[in-house]
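Asks: Provided below are the primary sequence and the corresponding predicted coordinates.
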Amino acid sequence: MMRREFIAATAVLLFSTQRLWAQGTPRRIGFLTPFLDQTGRDAWHNGLREKGWIECKNVLIEYCHYAETPERPPTLAAELVALTPDLVIAGGTQASVALKSGTATIPIVFVAVGNPVAIGLVQSLSHPDGNVTGLTSVVPGDFIAKQVEILREMVPGASKIALLVKPGNAMHRLALDEEMPRAAQKLGVALAAVEATTPEELKIAFDSATAQHANAIIVFGDDLTLHQAPRVVALAAEHHLPPIYLFRQFANGGLVVST
């Protein structure tokens, strides 16, 4: 399905309010995400209300959060698909991949996915095709290089920079394998990946960055770091590592937030 056709079909599905109200049949939306703070939830509800959709009246929303159980997206995706919703929304890479694996017919809209083409979510940015479309948060190619450039403007003497990543995140792995060597060579800076999969491993990762004499740290966006934002900010301060973050949840205490 072409992107415009997909968006048009989704709009018809969600915004034909008069006909649906007359039928008395509420629509159902699935929402799979690692984290949804109050600001995000309020924006979501306000956007729905502006289009005439009121939760628990003419639209039902099934929320599934998995920040504390990062191994569960495939199971939760299967549970959502079994409910046969009219639309599912995927927050982040893990949720998007899990939902695409679970259904080829239910429309999927993803947000906060760095490179949907590289991980196989869509055919291309201009023509996603299939039942998946959405918003990408990163233009692939030189993401790490741009982060390093911004960080070195703030910390001119930084010659070694750590990158906090989650090894199970497909986007992180692609960035490390493809972009990190190119960025290091282009900018003449040493880049060292430090890994964390669980909250307990965050301190180990920062300890590793310090042990490797990193001068600053880039914190990749992920369900773990986003949910643990206050702790990540505190660890960066404790280890005297000027950080650059991707999301606004880190703004209180961060050096730079790049979006």
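Replies: Great, that's in hand.
Asks: tell me the mean pLDDT over stretch 178-197?
Replies: Per-residue pLDDT over stretch 178-197 has a mean of 92.
Asks: quick one: buried residues of that stretch?
Replies: 179-180, 183-184, 189, 191-197 (16 or more other C-beta atoms under 10 Å). For every residue, glycine as well, the C-beta is placed using N, CA and C.
Asks: Among the residues you listed, which are located in strands?
Replies: Using DSSP state E, the members of the buried residues of stretch 178-197 that fall in strands are 191-195.
Asks: Give me the contacts around stretch 62-77.
Replies: The contact list for stretch 62-77, computed with C-beta atoms under 8 Å, 6 or more residues apart in numbering, reads 28-36, 79-80, 83, 85, 94-95, 97-99, 101-102, 168, 197-198, 223-224, 226-227.
Asks: Show me where this protein has its strands.
Replies: 27-33, 59-65, 87-91, 108-113, 132-136, 160-165, 190-195, 216-219, 243-245, 256-257.
Asks: Can you show me the helices along this structure?
Replies: Under the criterion DSSP state H, helices of the chain are mapped to 3-15, 17-23, 38-50, 73-82, 93-102, 143-154, 170-174, 180-187, 199-211, 223-227, 229-238.
Asks: Residues in contact with the third one: which ones?
Replies: The contact list for helix 38-50 (C-beta under 8 Å, 6+ apart) reads 36, 54-55, 59.
Asks: How many residues are close by N169?
Replies: Look at N169: counted by other C-beta atoms under 10 Å, it has 24 neighbours.
Asks: Can we start the residue count at 416 from this point?
Replies: Sure, I'll start numbering at 416, so the last one becomes N584.
Asks: For the closest residue to it other than its chain neighbours, which residues are in contact?
Replies: Residue nearest to N584 in three dimensions, not counting chain neighbours: D637, with 5.4 Å by C-beta to C-beta, 6 or more residues apart in numbering. Residues in contact with D637, defined by C-beta under 8 Å, 6+ apart, are 507, 580-581, 584, 587.
Asks: Next one, pLDDT for D637 please.
Replies: pLDDT, read off for D637, is 81.
Asks: Tabulate the contacts of D637 (a markdown table), appending pLDDT and distance to Q562.
Replies: Listed next are these as a markdown table, based on pLDDT from 0 to 100; distance: C-beta to C-beta, whole Å:
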| residue | pLDDT | distance to Q562 |
| --- | --- | --- |
| G507 | 84 | 19 |
| V580 | 93 | 12 |
| K581 | 90 | 16 |
| N584 | 80 | 16 |
| H587 | 84 | 13 |
